[in-house]
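Asker: got a predicted structure here, sequence first:
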Amino acid sequence: MSAIVCSHVDKAYGATTVIRDLNLSIEEHEFVVFLGPSGCGKSTLLRMLAGLEDISGGEVSIGGKVVNDLEPGDRGIAMVFQNYALYPHMTIFDNIAFGLKRQKVPAAEIRKRVEAVAKTLGLEPYLARKPTELSGGQQQRVAIARAMIKTPKVFLFDEPLSNLDAKLRNHMRVEIARLHQSLKTTTVYVTHDQLEAMTLADRIVLLKDGVIEQIGSPAEIYRQPGNLFVAGFIGTPNMNFIDVAVGRKDDRWALTGAGTTFSIEGSGFDLRGVHRAVLGVRPPDLKTADAGDSTNLLQGTADLIEFHGNDALVTFACGGKEVSALVPARECPALRAPVRYTFEEESVHLFEATSGVSLRRAQNPS
């Protein structure tokens with residue numbers, strides 16, 4: 001059993017609380033990513049699971065066993081750090097085998113297990129080398145191999161790719177995903193990079209100031225953000241936000257802001273009693289308006305164009321508000337040209353202006 005349960009977990013350093021009454025269940029074999037900005041508590045929470053930080057309050061269990069007072073080596077976990085923490089004077093073979101040697105595993109068994117894990121991670125040609133003779137990506141694979149060889153119940157990854165360049169990060173991200181698919185070990189992964197979270201996770205735990213803002217699959221968090229923070233943090237390019245006044249006109253909801261009035265049927269939202277809201281629409285959901293389109297228009301003059309290859313990000317001012325649209329490169333306007341974009345109601349997000357909570361109606365289970 002390798003399920004993880006955090007029940008009313010707190011962490012404080014003196015008078016400063018960094019984790020507040022956190023409750024979380026991670027299923028066996030699940031890949032969960034702790035995501036959030038710097039200082040949100042994600043690495044602290046991971047270190048509490050590992051036993052590297054004391055728990056100020058609450059309870060953590062792994063595989064049905066409370067581990068609050070267990071030493072890291074007794075928790076059945078293996079951790080991969082941001083810095084590879086390899087022994088520079090040892091060969092790659094000895095780095096991978098170090099933990100087994102300390103456990104006095106027979107030499108023949110050590111060699112068998114090292115060779116097996118090296119084959120899985122493509123490290124066979126490097127076993128006689130020293131860490132300084134390897135690239136950053138290869139060193140990170142050694143760190144993963146050292147964790148794998150313990151056959152742990154749980155893998156913990158603490159921003160393992162942040163020291164790598166973009167190309168290596170992409171490569172290692174794919175390797176970690178494939179590794180999880182083959183091993184099915186319960187995995188908790190910490191990152192501030194939403195691309196890593198969206199591509200690796202079965203579920204994302206999005207944290208802010210030591211509190212869980214939302215838990216869900218990447219698709220759920222992207223499509224149904226629970227509040228303004230989640231909507232603004234998830235998604236690249238960032239979601240457009242427009243402050244609007246909410247009213248009724250001709251049996252439809254009228255949302256007035258950015259120098260225009262948007263009209264929606266509104267059945268997907270609970271707008272009763274709401275007077276001020278924030279309308280959100282993602283740049284990819286803005287479409288070039290046809291000549292005959294006259295409703296739900298965002299228009300202005302293109303003052304910045306960023307070429308992304310197949311797409312282009314067009315930024316323009318609309319009623320004093322900066323708005324961005326991600327459009328196919330073939331539809332990219334010229335700089336300073338007038339632009340007109342529209343959106344479908346299904347792509348709109350609405351949030352209560354004061355609390356920031358989503359106004360989307362809860363969906364009935366199918």
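Answerer: Structure received. Residues are numbered from 1 along each chain as shown.
Asker: C-alpha from now on. contacts and neighbour counts both.
Answerer: Noted.
Asker: could you show me where the strands are in the stretch 201-350 of the chain, in order?
Answerer: If DSSP state E, counting those that start in this stretch is used as the criterion, the strands of the stretch 201-350 of the chain fall at 203-208, 211-216, 240-249, 252-257, 260-264, 276-281, 287-288, 297-307, 311-318, 321-328, 338-342, 349-352.
Asker: quick check: phi and psi on the nearest residue to A3 once chain neighbours are set aside?
Answerer: Residue nearest to A3 in three dimensions, not counting chain neighbours: E28, with 4.4 Å by C-alpha to C-alpha, 6 or more residues apart in numbering. The phi and psi values for E28, taken as degrees, to the nearest 10, are phi -60, psi 140.
Asker: JSON lines for the strands of the stretch 201-350 of the chain, including mean pLDDT and distance to T186?
Answerer: Shown next, in JSON lines, are the strands of the stretch 201-350 of the chain (pLDDT from 0 to 100; distance: least, C-alpha to C-alpha, whole Å):
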{"stretch": "strand 203-208", "mean pLDDT": "97", "distance to T186": "12"}
{"stretch": "strand 211-216", "mean pLDDT": "97", "distance to T186": "17"}
{"stretch": "strand 240-249", "mean pLDDT": "95", "distance to T186": "36"}
{"stretch": "strand 252-257", "mean pLDDT": "95", "distance to T186": "45"}
{"stretch": "strand 260-264", "mean pLDDT": "93", "distance to T186": "44"}
{"stretch": "strand 276-281", "mean pLDDT": "97", "distance to T186": "35"}
{"stretch": "strand 287-288", "mean pLDDT": "94", "distance to T186": "41"}
{"stretch": "strand 297-307", "mean pLDDT": "96", "distance to T186": "39"}
{"stretch": "strand 311-318", "mean pLDDT": "96", "distance to T186": "37"}
{"stretch": "strand 321-328", "mean pLDDT": "96", "distance to T186": "37"}
{"stretch": "strand 338-342", "mean pLDDT": "95", "distance to T186": "43"}
{"stretch": "strand 349-352", "mean pLDDT": "98", "distance to T186": "34"}
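Asker: let's have those strands in CSV, adding distance to I92.
Answerer: Listed next are those as CSV, based on distance: least, C-alpha to C-alpha, whole Å:
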stretch, distance to I92
strand 203-208, 33
strand 211-216, 38
strand 240-249, 48
strand 252-257, 61
strand 260-264, 62
strand 276-281, 50
strand 287-288, 53
strand 297-307, 43
strand 311-318, 43
strand 321-328, 46
strand 338-342, 56
strand 349-352, 51
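Asker: which stretches of this protein have low pLDDT?
Answerer: 1, 363-366 (pLDDT under 70).
Asker: break it into its domains for me.
Answerer: 4-225, 233-352 (automatic domain parsing).
Asker: start and end of the shortest one, how far apart?
Answerer: What that stands for is domain 233-352. Start-to-end span of domain 233-352 (C-alpha to C-alpha, to the nearest Å) is 17 Å.
Asker: one more: stretch 227-241?
Answerer: Start-to-end, stretch 227-241 (C-alpha to C-alpha) is 12 Å.
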